[in-house]
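Asker: everything below, folded, please.
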Amino acid sequence: MRWDTADAVGIVNDTNSELLQNPRPRTGDPQPLNLTAEPELAVLINAVDLTELLQ
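Answerer: As a prediction, the model looks like this:
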């Protein structure tokens, strides 16, 4: 990784080992993940108290 010339997207893509992405095919814009295909991730997300995060 060349930190002096890297951008944020490049850093994330080059240094991750288990990143789940769902980019829009033509534009590359991010889309929500299908959590039915990732049940363990769904459990984790559902465990987060969003009202606590908004305070």
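
Asker: report pLDDT for residue 39.
Answerer: Looking at residue 39, its pLDDT reads 94.

Asker: and for it, the neighbour number?
Answerer: A count of neighbours around residue 39, defined by other CB atoms under 10 Å, yields 9. Every residue, glycine included, has its C-beta placed from N, CA and C.

Asker: just residue 42 next, same as before
Answerer: By the measure other CB under 10 Å, the count of residues near residue 42 is 14.

Asker: that one reaches residue 35, doesn't it?
Answerer: Yes: Residue 42 is within contact range of residue 35, at 4.0 Å (criterion: CB atoms under 8 Å).

Asker: quick check: phi and psi at residue 53.
Answerer: phi -70, psi -30 (degrees, to the nearest 10).

Asker: mind checking how far it is from residue 45?
Answerer: 12 Å (CB to CB, to the nearest Å).

Asker: ok, now residue 22?
Answerer: For residue 22, the distance to residue 45 equals 14 Å [CB to CB].

Asker: low pLDDT regions in the chain?
Answerer: Along the chain, segments meeting pLDDT under 70 span 1.

Asker: 90 - rerun?
Answerer: The chain contains residues with pLDDT under 90 at 1-21, 23, 28, 45, 48-55.

Asker: where along it do the strands fall?
Answerer: Taking DSSP state E as the criterion, the chain contains no strands.

Asker: tally of neighbours for residue 6?
Answerer: Using other CB under 10 Å, residue 6 has 14 neighbouring residues.

Asker: so how far is residue 13 from it?
Answerer: For residue 6, the distance to residue 13 - CB to CB - is 10 Å.

Asker: residues touching the nearest residue to residue 31 once chain neighbours are set aside, list them.
Answerer: Counting by CB to CB, 6 or more residues apart in numbering, residue 31 lies nearest to residue 22, which is 4.6 Å off, once chain neighbours are set aside. Residues near residue 22 by CB atoms under 8 Å, 6 or more residues apart in numbering: 30, 31, 32, 33, 34.
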